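Q: Sequence plus the predicted model coming up.
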Amino acid sequence: MSRPVLILNGPNLNLLGKREPHIYGHETLADVEAECRRTGEALGLGVTFRQSNAEHQLIDWIHEARETMAGLVINPAGLSHTSVSLMDALSACAFPIIEVHISNIHKREEFRHFSYVSRVAAGVVCGFGTQGYPLALQRLARLLETDAR
Ligand code: CA2
């Protein structure tokens, strides 16, 4: 039986592949979703994939996930660097959380170097382009095998 995992994408990631390809590449969010579904199937994970531009929506999905999901991959986008509320919602989750950034945030502006989400994540994938998503799923699958947080 596959284990349910949630992949959340924060503000503006709906623009992926449509703007700023020099930073974020040419793949669209739909391409990323398709790749995550393929990877999830191979790993025995049932993938739910969502994006919102609204902080409250992301928080509501995280609250729901506490009851329904075994793990979470999140690209919090700009909210990584600003949102205590998102961090608080994530810290109420008992399952493992992997944070993904498509770009290498440490190579960019200073304000992107800090992430509130990293404080509650089991691990962070950053700077691997959209390949970071399937890599995060691989790590999540491994953590779920051992039931570690
Ligand atoms: O590298 C990442 O994945 C980020 O989470 C992306 C965020 C940025 O604020 C973080 O510092 C790093 C930006 C998401 C917006 O994505 C766009 C994609 C294409 C065009 C415009 C924005």
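A: Great, that's in hand.

Q: if you average pLDDT over the host helix or strand of W61, what comes out?
A: Assigned by DSSP states H and E, W61 belongs to helix 55-68. Helix 55-68 comes out with an average pLDDT of 98.

Q: Helix or strand next in line after that helix, which one?
A: That would be, after helix 55-68 and using DSSP H and E, strand 71-75.

Q: and that following strand, which strands flank it?
A: Here strand 71-75 is paired, per DSSP bridges, with strand 3-9 (parallel), strand 97-101 (parallel).

Q: List the buried residues of the worst-scoring helix or strand of the chain on mean pLDDT.
A: Ranked by mean pLDDT, DSSP states H and E, the weakest helix or strand in the chain is helix 21-24, scoring a mean of 89. Buried residues in helix 21-24, defined by neighbour count with 16 or more other C-beta atoms under 10 Å: Y24. For the C-beta atoms, the positions are set from N, CA and C on the backbone; glycine is no exception.

Q: The next helix-or-strand element following it near the ligand anywhere?
A: Reading on from helix 21-24 to the C-terminus, the next helix or strand found by DSSP H and E is helix 29-43. No. Helix 29-43 stays clear of the ligand (C-beta under 6 Å from any ligand atom), getting no nearer than 8.7 Å.

Q: List the contacts of the helix holding W61.
A: Helix 55-68 is touched from outside by 4, 6, 8, 10-11, 50, 52, 72, 76, 79, 83, 85-86, 89-90, 92-95, with contacts defined as C-beta atoms under 8 Å, 6 or more residues apart in numbering.

Q: And that helix, how far out from the chain middle?
A: Relative to its chain's centre, helix 55-68 lies at 13 Å (C-alpha atoms, centre = their mean, to the nearest Å).

Q: In that helix, which residues are buried?
A: E55, L58, I59, W61, I62, A65.

Q: I'd assumed V125 was in contact with S118.
A: No. S118 is beyond contact range of V125, at 11.2 Å (criterion: C-beta atoms under 8 Å).

Q: Check the contact lists of these two and give me the overlap.
A: Counting by C-beta under 8 Å, 6+ apart, the contacts common to S118 and V125 are E99.

Q: Which of those two has more residues huddled nearby?
A: Shown here are S118 and V125; by other C-beta atoms under 10 Å, V125 has more neighbours (21 against 17).

Q: Can you pull up the residues of this structure that come close to the ligand?
A: So the chain meets the ligand at 12-13, 15-16, 19-20, 24, 75, 77-78, 80, 101-103, 105, 112 (C-beta under 6 Å from any ligand atom).
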